[in-house]
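**Student:** here's a sequence, model it:
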Amino acid sequence: MLAIEQLDTGYGKKQVLYGLSLGVRQGEIVALIGPNGAGKSTVLKAVCGLIPTWKGEIRFDGRLANGSTPARNVARGITFCPQGNRVFDELSVRENLEIGGFQLPSRELKERIEQALILFPVLKDRLKQRAGKLSGGQQQMLAIARALVPKPKLLMLDEPSLGLSPNLVSTVFENILRINREFGVAILIVEQKVREVVNLAQRVYSLKLGRVAFEGPAAALRDNKEKLRELFL
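**Tutor:** Purely as a prediction, here's the structure:
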């Protein structure tokens with residue numbers, strides 16, 4: 001579904017990724033792990049069109065995506081849930097969800113919002129509430145729900161556990177697994193909680209200094225603390 005070949009990119013004159021190649025198959029969960037500054041978030045930004053491709057190719061569903069805008073990528077089936085400031089604070093929960101489906105006809109938008117709320121029923125009673133008044137966990141649920149409204153084929157998540165309590169982390173990961181299994185959405189996830197994400201994913205790429213340092217099945221890392229420690233040094 002997603003194929004990245006020999007990707008070079010970065011910010012301004014600073015190169016971050018060097019000849020990076022990775023792929024995501026239809027319906028699978030792929031984890032991107034590695035130390036801070038390895039280039040994990042940069043991969044997601046390049047795929048969704050937030051930064052340009054300097055060299056190499058990004059293909060989605062067999063079509064070249066180099067130079068494609070974020071809006072065009074959403075229409076093709078790629079959505080991105082960034083880390084940090086996850087929601088539009090001053091807008092209501094409903095308005096945040098509507099932004100996720102800004103390209104959809106109103107009737108289809110309403111149906112997609114209802115489907116997203118099935119996964120996150122806690123948001124259903126807060127549709128009129130300002131998103132900035134939600135708890136951190138609820139904001140993360142809203143951000144993921146908003147990314148589901150366009151009915152993506154590939155959902156990219158950047159540090160979905162950031163700033164959440166252990167109980168909420170478990171809830172978020174359970175919901176990610178449900179999205180994958182019940183909706184058939186492929187997921188590319190960047191996450192620092194390595195043990196949890198390795199248990200969630202089918203395959204793992206570990207990045208170091210903008211290059212792939214490890215590629216393989218997640219099962220190969222689940223009980224290999226020494227290998228995980230090596231990948232993060």
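**Student:** count the neighbours of the closest residue to Gly77 other than its chain neighbours for me.
**Tutor:** Nearest non-adjacent residue to Gly77, counting by C-beta to C-beta, 6 or more residues apart in numbering: Lys153, 3.6 Å away. All C-beta spots, glycine's among them, are computed from the backbone N, C-alpha and C. Each residue near Lys153 was counted by other C-beta atoms under 10 Å, and the total is 20.
**Student:** before we move on, what about Leu109?
**Tutor:** So Leu109, with other C-beta under 10 Å, has 18 neighbours.
**Student:** quickly note the distance from it to Ile179.
**Tutor:** Here the criterion is C-beta to C-beta, to the nearest Å. By it, Leu109 lies 19 Å from Ile179.
**Student:** now do Ala46
**Tutor:** For Ala46, the distance to Ile179 - C-beta to C-beta - is 23 Å.
**Student:** more crowded one of these two?
**Tutor:** Ala46 (26 against 23).
**Student:** and the contacts of the helix or strand hosting the more buried one?
**Tutor:** Per DSSP states H and E, Ala46 falls inside helix 40-48. Defining contact as C-beta atoms under 8 Å, 6 or more residues apart in numbering, one finds that helix 40-48 is touched by 2, 4, 7, 9-11, 16-17, 20, 22, 32-34, 51-53, 58, 60, 65, 70, 73, 78-80, 82-83, 156, 158-159, 188, 190, 207, 210.
**Student:** let's see 6 Å
**Tutor:** Residues outside helix 40-48 that contact it (C-beta atoms under 6 Å, 6 or more residues apart in numbering) are 9, 16-17, 32, 34, 51, 58, 70, 73, 78, 80, 156, 158, 190, 207.
**Student:** starting at the chain centroid, how far to the biggest helix by length in the chain?
**Tutor:** Taking DSSP state H as the criterion, the chain has its longest helix at helix 166-183. In terms of C-alpha atoms, centre = their mean, to the nearest Å, the centre of helix 166-183 is found 13 Å from the chain centre.
**Student:** and the nearest residue to Glu191 once chain neighbours are set aside, what pLDDT?
**Tutor:** By the measure of C-beta to C-beta, 6+ apart, the closest residue to Glu191 outside its immediate chain neighbours is Val197, 4.0 Å from it. Note on Val197: pLDDT of 93.
**Student:** burial count for Val197?
**Tutor:** By other C-beta under 10 Å, the residues close to Val197 number 24.
**Student:** surely it meets Ala31?
**Tutor:** Yes: judged on C-beta atoms under 6 Å, Val197 makes contact with Ala31 at a distance of 4.5 Å.
**Student:** coming back round to it: show me what whichever helix or strand the residue nearest to Glu191 is part of is in contact with.
**Tutor:** Per DSSP H and E: Val197 is located in helix 194-200. Outside helix 194-200, the residues that touch it by C-beta under 6 Å, 6+ apart are 29, 31, 33, 173, 191, 218, 221-222.
**Student:** and if we set it to 8 Å?
**Tutor:** In this structure, residues lying in contact with helix 194-200 by C-beta under 8 Å, 6+ apart are 29, 31, 33, 161, 169, 173, 176-177, 189, 191, 204, 218, 221-222, 228, 232.
**Student:** where does Glu57 fall, phi/psi-wise?
**Tutor:** Main-chain dihedrals, Glu57, degrees, to the nearest 10: phi -130, psi 140.
**Student:** where's it relative to Gln26, distance?
**Tutor:** According to C-beta to C-beta, Glu57 stands 19 Å off from Gln26.
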